[in-house]
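> show me how the following folds:
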Amino acid sequence: MLVSLALLLLGALTALVTPRLMARARWPEREPVVALWVWQCVVAGVLVSFALSMVFSAAAAWQAVRGHVFAPAPHAVVEAYALAAYGPWSAVIAVLLALGGLWSGAMLLREIRRARRRRKQRRAELLVRAPLMPGEEPGADRLVVLEGARPDAWWLPGAAPQLVITTAALGRLKGRQLDAVLAHEQGHAQARHDWLLHCSSALANGFPQIPVFAAFRDEMHRLVELAADDVASRRFGRLTTALALVGLNEDRGVFGPCPTPDAQVPLRVNRLLAPVDRLTAGRRLRLTAAAALVPVVPIVVAFVPGLRALGG
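The predicted structure is shown next:
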């Protein structure tokens, strides 16, 4: 089988099958950090498959590209890939995949610019609602308290990250509940969850027809919250973290019968109040190792003909 087509089919199969398998699995809620790693490896595997397929298709279509790709390789290795048998479709495949790569980069840049624009706007609004005192430097305080009637707290990423919390939240959260909220938001910041959300949104918005990218975005939004909940619950307890979530969200109608954009909050509270046992360390290790192999598989497929030629 032609290597380029094999890689293309491998990437397409991974993109189609993975969302279904992950949707049936029940362990991601028990191990959100491992699930985050698995999703990243799967998406990386899809992208690596398509990128390598583009390289071999371009090498088959254009002699100049072939010279660069196989420059140090013996003649037997070049012959093993049977590039002459690819036919006229190799150029079409290479161009389409290259355009897809450029489009992915453009979507990521757009997402980053939008995020920076939103962050800049929120910082400007923050300065209006909490103006600097004489001699105070912008971003000097990592914690900012805003006057507000609605309980809320959020992490504002950037060069000088800040945690913003409203006075209503301070009045409602009791004892260690406030510490749990701070730990939750710090968990987001330390794991750089904002970058995961940017990348997943860029791929999903750029290629809405590809199921794995849409599922990747949705799962990233869900799993990063579960992972941050676990960070807070390990430090301050599951009950305290659950009560903090309820305190911040009970006025938003998320616990009513009608679905809301924050419909995941009741599920997160139930997860904290009715915990299940974590996976064993051995199973976590096996899942992590198996996921790490997903991006390696297309690389192995790409090198098999050449290695066989060298070994023969």
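> would you map the helices across this protein?
3-24, 32-61, 63-69, 75-80, 89-129, 167-172, 177-190, 193-206, 211-236, 238-249, 264-273, 281-293, 296-311 (DSSP state H).
> save those helices as TSV, and put in mean pLDDT too.
Shown next, in TSV, are the helices of the chain (pLDDT from 0 to 100):
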stretch	mean pLDDT
helix 3-24	91
helix 32-61	93
helix 63-69	79
helix 75-80	78
helix 89-129	85
helix 167-172	87
helix 177-190	89
helix 193-206	89
helix 211-236	93
helix 238-249	91
helix 264-273	89
helix 281-293	95
helix 296-311	86
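> next, Ala73: phi, psi?
phi -90, psi 140 (degrees, to the nearest 10).
> an error on my part: the question was meant for Val276.
phi -110, psi 160.
> relative to Trp37, how far out is it?
Val276 is 20 Å from Trp37, where distance means CB to CB, to the nearest Å. C-beta here means a position set from N, CA and C on the backbone, and glycine is covered the same way.
> higher neighbour count, those two?
A count of neighbours by other CB atoms under 10 Å puts Trp37 above the other of Val276 and Trp37, at 17 against 10.
> looks like that one contacts Ala290 (just checking).
No: if you go by CB atoms under 8 Å, Trp37 and Ala290 don't touch, sitting 10.4 Å apart.
> just put the helices of the chain in TSV and tack on distance to Ala153.
Formatted as TSV, those follow (distance: least, CB to CB, whole Å):
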stretch	distance to Ala153
helix 3-24	30
helix 32-61	20
helix 63-69	52
helix 75-80	58
helix 89-129	13
helix 167-172	5
helix 177-190	5
helix 193-206	15
helix 211-236	12
helix 238-249	6
helix 264-273	13
helix 281-293	30
helix 296-311	40
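> count of residues packed around the closest residue to Ala106 other than its chain neighbours?
Once flanking residues are discounted, Ala106 sits nearest to Gly206: 7.6 Å by CB to CB, 6 or more residues apart in numbering. Residues near Gly206, counting by other CB under 10 Å, number 18.
> ok, Gly206 - contacts?
Contacts for Gly206 were tallied using CB atoms under 8 Å, 6 or more residues apart in numbering; they are 103-104, 106-107, 213.
> the residue nearest to Ala44 when sequence neighbours are not counted and Gln40, how far apart?
Sequence neighbours aside, Pro295 is the residue nearest to Ala44 in space, at 4.4 Å (criterion: CB to CB, 6+ apart). Taking CB to CB as the measure, Pro295 and Gln40 are separated by 9 Å.
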